[in-house]
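Asker: This is a predicted model, with the sequence first.
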Amino acid sequence: MSVVRDDSATMTCQVCGSAFARSGRRRHCSTACRQAAWRRRSAAPVEPLVSKPDVAYQCPSCEARFLGSQRCDD
C-alpha cells in the first residue's frame, strides 16, 4: 500500500499550531519551531527536589545526634 501525498495542502505546525503550506517532509512552519521541537524531545528529565532537614540536634545527656528531630527517645 502506497501513501498518496498532496503537497499543495496546508498542514498545522506541531509546535505553534499555525497553518503552513506543506513542502516535502516538513512538519514545522519555521526553523524556530523545528528547533523548539528538538529541544523538547531531547530535554533531560527534571528530577524532583526533595527537601532535607537542615538542622542536626544533639541530646545533652547521651550526646546522640539527630537530623531534624529535636527529642531523644531515651
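Answerer: Nice, thanks for sending it over.
Asker: count of residues packed around residue 24?
Answerer: If you count neighbours by other Cβ atoms under 10 Å, residue 24 ends up with 7. Any C-beta I mention is one placed from the backbone N, CA and C, and that applies to glycine too.
Asker: what helix or strand is it on?
Answerer: For residue 24, there is no helix or strand it lies in under DSSP states H and E.
Asker: How far off centre is stretch 19-37?
Answerer: 22 Å (Cα atoms, centre = their mean, to the nearest Å).
Asker: Any regions of the protein where pLDDT drops low?
Answerer: When the per-residue scores of the chain are filtered using pLDDT under 70, the ranges that remain are 1-8, 51-53, 74.
Asker: Provide the secondary structure category for the most far-flung residue of it relative to its centre.
Answerer: Within the chain, the residue lying farthest from the chain centre (Cα atoms, centre = their mean) is residue 61, at 48.5 Å. With DSSP: H, G, I helix; E, B strand; the rest coil as the basis, residue 61 sits in coil.
Asker: my guess is it contacts residue 72, does it?
Answerer: Yes - counting by Cβ atoms under 8 Å, residue 72 is a contact partner of residue 61 at 7.2 Å.
Asker: Run a quick neighbour tally on residue 28.
Answerer: Residues near residue 28, counting by other Cβ under 10 Å: 19.
Asker: Ok, the one 3 residues further on next?
Answerer: Summarising burial for residue 31: neighbours were counted as other Cβ under 10 Å, giving 8.
Asker: which ones are touching it?
Answerer: Under the criterion of Cβ atoms under 8 Å, 6 or more residues apart in numbering, residue 31 has no neighbours.
Asker: if I look at it, how far off is residue 19?
Answerer: 17 Å (Cβ to Cβ, to the nearest Å).
Asker: Over to residue 25?
Answerer: 17 Å.
Asker: Between these two, point out the one with more neighbours.
Answerer: Shown here are residue 25 and residue 19; by other Cβ under 10 Å, residue 19 has more neighbours (11 against 6).
Asker: Quick check: phi and psi at that one.
Answerer: Per-residue torsions, residue 19: phi -80, psi 140 (degrees, to the nearest 10).
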